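Trainee: Sequence first, predicted model second:
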Number of protein chains: 2
Amino acid sequence: MSEVGFMASESSPKGTEIDAPICDEQHEPTRDVGSFPLEVEDSQRMAEFFAVLADPTRLRLISLLSSSESCVCDLAENLSVSESAVSHQLRALRNARLVQYRKVGRQVFYRLHDHHIFDLYATVREHLAE
Amino acid sequence: MSEVGFMASESSPKGTEIDAPICDEQHEPTRDVGSFPLEVEDSQRMAEFFAVLADPTRLRLISLLSSSESCVCDLAENLSVSESAVSHQLRALRNARLVQYRKVGRQVFYRLHDHHIFDLYATVREHLAE
DNA sequence: ATAATATATGAACATACGCTCAGGTATTTG
DNA sequence: CAAATACCTGAGCGTATGTTCATATATTAT
């Protein structure tokens, strides 16, 4: 915490007034993004959301579900992962509302919850492909 | 792994041919998203990217940097977090190329790396606000 | 009912992560 | 030069996470 000189209520240290935030290249008309700064509670919810996407197996599941609905055993086989592991991961995706499912006999077919999920996946995939 | 009956090379179990993926609601002309299914190596890089965003402190840093460039001590003060913790987190953001910085004297001013980061942040923020 | 299949779940273990603490580098000031 | 400031970094600790293993539930077949 910068021990400020006198009347500086907050912000950067004293002395070097010369170059305060010479922020020339600002963003476009900064669209409204809720409270600012981001509340701790909101940041935790957001972090949990990203955390669900921060796993290779879950991302590969999303990749498969991006093209078509699949049952658990097919997902496990296509990813060469145990069905137990897939089931655990699908639960995480379910809890985060990233996938939906429907039961047919003893099988359970999963698919992405909505197109937003696909869009997010595709956007980041493209971003990393650059 | 479903022990298939005879000539079924892969995919769902035998028997219940009745309801194979009745996937009616397909996505729009499925835009190309690279290799399919997502390669393990790619999934790991993508997971690492999301992992950087999967932390409340880093998200709040991004929140602050969304509106303006800031030095480390201001970021620490605004978030009520130690400068050491902020520095550690900024390193993670730096390594992931989510932020840029410029040195001015003994201060270091950070800002978002580019507008893609802001867009991603804003999009997910809106998504969770619904 | 019994067996087999498809999926879900809890415990446990190894790993990964974020914070604090202590110390280090670089720049400015006296 | 020494002291102060702004920031960075490595080690260590407590906690969270993903997998495996064993077991449980539900559905279908015999």
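Mentor: Structure received.
Trainee: now check the helix or strand residue A:60 falls within, is it near DNA strand C?
Mentor: Here residue A:60 sits within helix A:56-67, counting by DSSP states H and E. No - applying Cβ under 7 Å from any atom of the strand, one finds helix A:56-67 separated from DNA strand C by no less than 11.2 Å. Yep, even glycine has a C-beta here, placed from its N, CA and C like the rest.
Trainee: Checking that helix against chain B, do any of its residues make contact.
Mentor: Yes - using Cβ under 8 Å from any Cβ of the partner chain, helix A:56-67 comes into contact with chain B via A:56-60, A:62-64, A:66-67.
Trainee: which ones are touching the residue positioned nearest the centre of chain A?
Mentor: For chain A, the residue nearest the mean C-alpha position is residue A:50 (2.8 Å; Cα atoms, centre = their mean). Residue A:50 sits next to B:50-51, B:53-54, B:59, B:124 when contact means Cβ atoms under 8 Å, 6 or more residues apart in numbering or on different chains.
Trainee: ok, the residues of helix A:56-67 next to chain B vs DNA strand D, which is closest?
Mentor: residue A:57 (3.7 Å; Cβ to the nearest atom of the strand).
Trainee: The spatially closest residue to that closest one that is not a sequence neighbour: helix or strand, and which one exactly?
Mentor: Closest residue to residue A:57 apart from its sequence neighbours, by Cβ to Cβ, 6 or more residues apart in numbering or on different chains: residue A:89 at 5.3 Å. Taking DSSP H and E as the definition, one finds residue A:89 inside helix A:83-95.
Trainee: That helix vs helix A:56-67, what angle?
Mentor: Put simply, helix A:83-95 runs at 70 degrees to helix A:56-67, going by axes from the mean of the first three to the mean of the last three Cα atoms, to 10 degrees.
Trainee: what packs against helix A:83-95?
Mentor: Counting contacts by 3 or more Cβ pairs under 8 Å, 6 or more residues apart in numbering or on different chains; DSSP states H and E, helix A:83-95 is packed against helix A:40-53, helix A:56-67, helix A:72-79, strand A:99-104.
Trainee: That helix and DNA strand C, any residue contact?
Mentor: Yes - applying Cβ under 7 Å from any atom of the strand, one finds helix A:83-95 touching DNA strand C at A:83-84, A:87-88, A:90-91.
Trainee: Any buried residues in that helix, and which?
Mentor: For helix A:83-95, a neighbour-count test (16 or more other Cβ atoms under 10 Å in any protein chain shown) marks A:86, A:89-90, A:92-93 as buried.
Trainee: now stretch A:40-48
Mentor: The neighbour-count check on stretch A:40-48 (16+ other Cβ under 10 Å) flags A:42-43, A:46-47 as buried.
Trainee: next one: stretch A:108-117
Mentor: Under the neighbour-count criterion of 16+ other Cβ under 10 Å, stretch A:108-117 has A:109-113, A:117 buried.
Trainee: ok, which of the residues you listed also contact chain B?
Mentor: Answer for those near chain B (Cβ under 8 Å from any Cβ): A:109, A:111.
Trainee: any chance of the buried residues of stretch A:108-117 in TSV, plus distance to DNA strand C, pLDDT and secondary structure?
Mentor: Listed next are the buried residues of stretch A:108-117 as TSV, based on distance: Cβ to the nearest atom of the strand, whole Å; pLDDT from 0 to 100; DSSP: H, G, I helix; E, B strand; the rest coil:
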residue	distance to DNA strand C	pLDDT	secondary structure
A:109	7	98	strand
A:110	8	98	strand
A:111	13	98	strand
A:112	15	98	strand
A:113	15	96	coil
A:117	18	94	helix
